[in-house]
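A.B. asks: Here's my sequence, what's the structure:
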Amino acid sequence: MNGRKTRKLLFTAILFFLVLFACFINSYADDTEIYQTNLRPNVAIMFDSSGSMDFGIYDSSVDYGYCYNYASEQGDYDMIAGGGGGTDNYFYADGGPGTSPQFPRTEILLVKGNIGVTINENDGRSYTGDPGDPDYVWYTSNVIHTYTFIDSDGNLSGDGIHSQRVTVNSEGIILLDGVPLPLDRSIKLHDWQPNPDGSLIDRGFGGQINAPGWYFSGLEGVGSNASDHNTAENGDTNVYFFIPGNWINMQMMYNLYTQNTTDEDYRTWKVRTFPKEDESDWHTVFTDIHSQNYPNNYPNNNDQTWEITQPDAVKIKIHFADFNTENGYDFVNVYKKNTHQNNRVYHLSGNLGTDFWEGPFDLANNDHTFYITFSSDGGVTKRGFAIDKYQYITENENIAGYKMQRRIDAVREAILYVIEATRGKINWALASFETSPHTGDGAHIWQPFNPTLDDDAVRQNIITHIN
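C.D. replies: So this is what the prediction gives:
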């Protein structure tokens, strides 16, 4: 998932934590203002500062198995699962991230958690606790493999060896062992919903497995086939969730501390920044891929395809030594996995110059192959193109200066983003739950509605309080 897509998913999720109350009666304002033109609406932000806002945010583009291994190699301690610290930690994977005792990063697993479920007797809707709580207990000894893998776009595939247990029917509905999920859990693989800015977010099964990283199955027991499953009932405390292996590896990272103590100030996920990816991580492969007759003009109606498989690669960059084709008619295309249209990464044409890189781009999960194609029409021909090398990075190197973000950090960022985007259009106020002590009754007003303050003053007051 690229940074912009992650950011959009994050900001969309933040809306669940921002309660916006819009009213057109100007509290704390003069009565005469109701006669003014261009009157700005009042909007109050209820800033959720409760304990759950201190939970971490799962990012499917980060390899948490790598994070666990790296922190262990720095001497961090697994204070929950044990093992003695360092590479003796219980979930340290000698074979590399995602190998035993860790879990395959992109496989969808069924995992029982001590989360609890409530089922509304009136409408049948099910509600669970918040699986994002770092202190919830997950029974990793009872993990059930579905032999189903998910890619960054939320699409599913099998492993080519076992029977794929999570599939999709002709209507796009998710099936487990051939049947829809029970209770109200039946869901489509993809359910694209528009954001106000015109972008889309996937609220289907695939989107939810990638962010926030889990989906309640509706089951209290999972057997080897559909007839052996047990539907969850109201009040059940241990129930099954669909979770990618990477999410479980993140839960393992929650166990780590930088010191031999359970003091919250030393939790690895809160304090450690993982190393940045640099050029030394990229491996260079020299090649000779070029259009026919290069550096002379290529022929008309020419089609060429190159298939490149690079074991262990997860990201690719391609270096063009030269590129000059008939603009808009003769194309170089780059694909991941296969040459289907929906797997196309680049669609290049024209006089693009010399000595430039395209990428990096992500390869499909569990697939290390990419394709380059060239096609010309029956009109003008040009010199063509030449690729002299490409670079790749492997999974355990695929991390760039990562420090886990807490929900409250993301909310702060989102609040400031929204206030800035509505500068001059809205009169803002800020409130939060009472936290000292937290009684659960009422809120504290930090920034009242005050039309006499300019936007900069209101924004600075809000910054001061949310920080």
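A.B. asks: residues near residue 224, how many?
C.D. replies: 10 (other Cβ atoms under 10 Å). Every residue, glycine included, has its C-beta placed from N, CA and C.
A.B. asks: do the same with residue 150
C.D. replies: Neighbour count of residue 150, defined by other Cβ under 10 Å: 25.
A.B. asks: And it, how far from residue 297?
C.D. replies: For residue 150, the distance to residue 297 (Cβ to Cβ, to the nearest Å) stands at 45 Å.
A.B. asks: and residue 414, that one's in a strand?
C.D. replies: No - using DSSP: H, G, I helix; E, B strand; the rest coil, the secondary structure at residue 414 is helix, not a strand.
A.B. asks: roughly how far apart are it and residue 319?
C.D. replies: 38 Å.
A.B. asks: Do a quick rundown of the helices in the chain.
C.D. replies: 3-14, 64-73, 205-210, 245-253, 268-271, 407-421, 455-466 (DSSP state H).
A.B. asks: Enumerate every residue touching the closest residue to residue 100 other than its chain neighbours.
C.D. replies: Spatially, and ignoring its direct neighbours in sequence, residue 100 is nearest to residue 93 (6.8 Å; Cβ to Cβ, 6 or more residues apart in numbering). When contacts are counted by Cβ atoms under 8 Å, 6 or more residues apart in numbering, residue 93 touches 65, 68, 69, 99, 100, 101, 102.
A.B. asks: Got the confidence number for the fifth one?
C.D. replies: You'll see residue 100 listed with a pLDDT of 90.
A.B. asks: Under the pLDDT cut-off, which ranges of the stretch 251-400 of the chain? List them.
C.D. replies: The stretch 251-400 of the chain contains residues with pLDDT under 70 at 276-281, 395-400.
A.B. asks: try it again with 80
C.D. replies: 275-282, 365-366, 394-400 (pLDDT under 80).
A.B. asks: Take stretch 402-410, keep the C-alpha atoms, and write them as PDB.
C.D. replies: The C-alpha trace of stretch 402-410 is given here as PDB (Å, rounded to 0.1, in the frame of the first residue of the first chain):
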ATOM      1  CA  TYR A 402       8.800   3.000  10.600                       C
ATOM      2  CA  LYS A 403       7.600   4.000  14.000                       C
ATOM      3  CA  MET A 404       4.200   2.700  15.000                       C
ATOM      4  CA  GLN A 405       1.500   5.400  15.200                       C
ATOM      5  CA  ARG A 406      -1.100   5.500  18.000                       C
ATOM      6  CA  ARG A 407      -4.700   6.300  17.300                       C
ATOM      7  CA  ILE A 408      -4.500   9.500  19.200                       C
ATOM      8  CA  ASP A 409      -1.500  10.700  17.100                       C
ATOM      9  CA  ALA A 410      -3.500  10.100  13.900                       C
END
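A.B. asks: Could you give me the buried positions within that stretch?
C.D. replies: Using 16 or more other Cβ atoms under 10 Å as the test for burial, stretch 402-410 gives 402, 404, 407, 408, 410.
A.B. asks: how about TSV for those residues, with distance to residue 44 added?
C.D. replies: Listed next are these as TSV, based on distance: Cβ to Cβ, whole Å:
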residue	distance to residue 44
402	34
404	30
407	20
408	18
410	20
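A.B. asks: Next, count neighbours for residue 240.
C.D. replies: Number of residues near residue 240 (other Cβ under 10 Å) recorded here: 25.
A.B. asks: and it, what are its bridge partners?
C.D. replies: residue 112 (DSSP bridges).
A.B. asks: List the contacts of it.
C.D. replies: 110, 111, 112, 113, 144, 217, 219, 220, 221, 222 are the contacts of residue 240 under Cβ under 8 Å, 6+ apart.
A.B. asks: now the last one: how far from residue 138?
C.D. replies: Pointing back at residue 222 there. For residue 222, the distance to residue 138 - Cβ to Cβ - is 15 Å.
A.B. asks: And for the third one?
C.D. replies: According to Cβ to Cβ, residue 112 and residue 138 sit 7 Å apart.
A.B. asks: the more surrounded of those two?
C.D. replies: residue 112 (22 against 19).
A.B. asks: Give me the pLDDT value at that one.
C.D. replies: So residue 112 comes in at 94 (pLDDT).
A.B. asks: close enough to count as contact, it and residue 239?
C.D. replies: Yes - under the criterion of Cβ atoms under 8 Å, residue 112 makes contact with residue 239 at 6.9 Å.
A.B. asks: where do the strands sit along the stretch 1-150 of the chain?
C.D. replies: Assigned by DSSP state E, counting those that start in this stretch, the stretch 1-150 of the chain shows strands spanning 18-23, 42-47, 77-78, 107-113, 117-119, 126-128, 144-150.
A.B. asks: Mean neighbour count, these: which tops it?
C.D. replies: strand 77-78 (a mean of 24; mean count of other Cβ atoms under 10 Å).
A.B. asks: Show me how far it is from its chain's centre.
C.D. replies: In terms of Cα atoms, centre = their mean, to the nearest Å, the centre of strand 77-78 is set 26 Å apart from its chain centre.
A.B. asks: cool, stretch 116-125 as well?
C.D. replies: In terms of Cα atoms, centre = their mean, the gap separating the centre of stretch 116-125 from the centre of its chain is 29 Å.
A.B. asks: List the buried residues of it.
C.D. replies: Buried residues in stretch 116-125, counted by 16+ other Cβ under 10 Å: 117, 119.
A.B. asks: now what about that stretch, what contacts it?
C.D. replies: Contacts of stretch 116-125 (Cβ under 8 Å, 6+ apart): 126-129, 183-184, 216, 232-237, 239.
A.B. asks: Among those residues, find the lowest-pLDDT one for me.
C.D. replies: Among those, residue 129 carries the lowest pLDDT, at 90.
A.B. asks: Tell me the pLDDT of the residue nearest to residue 166 when sequence neighbours are not counted.
C.D. replies: Distance criterion Cβ to Cβ, 6+ apart; nearest residue to residue 166, sequence neighbours excluded, is residue 148 at 4.0 Å. Listed pLDDT for residue 148 reads 97.
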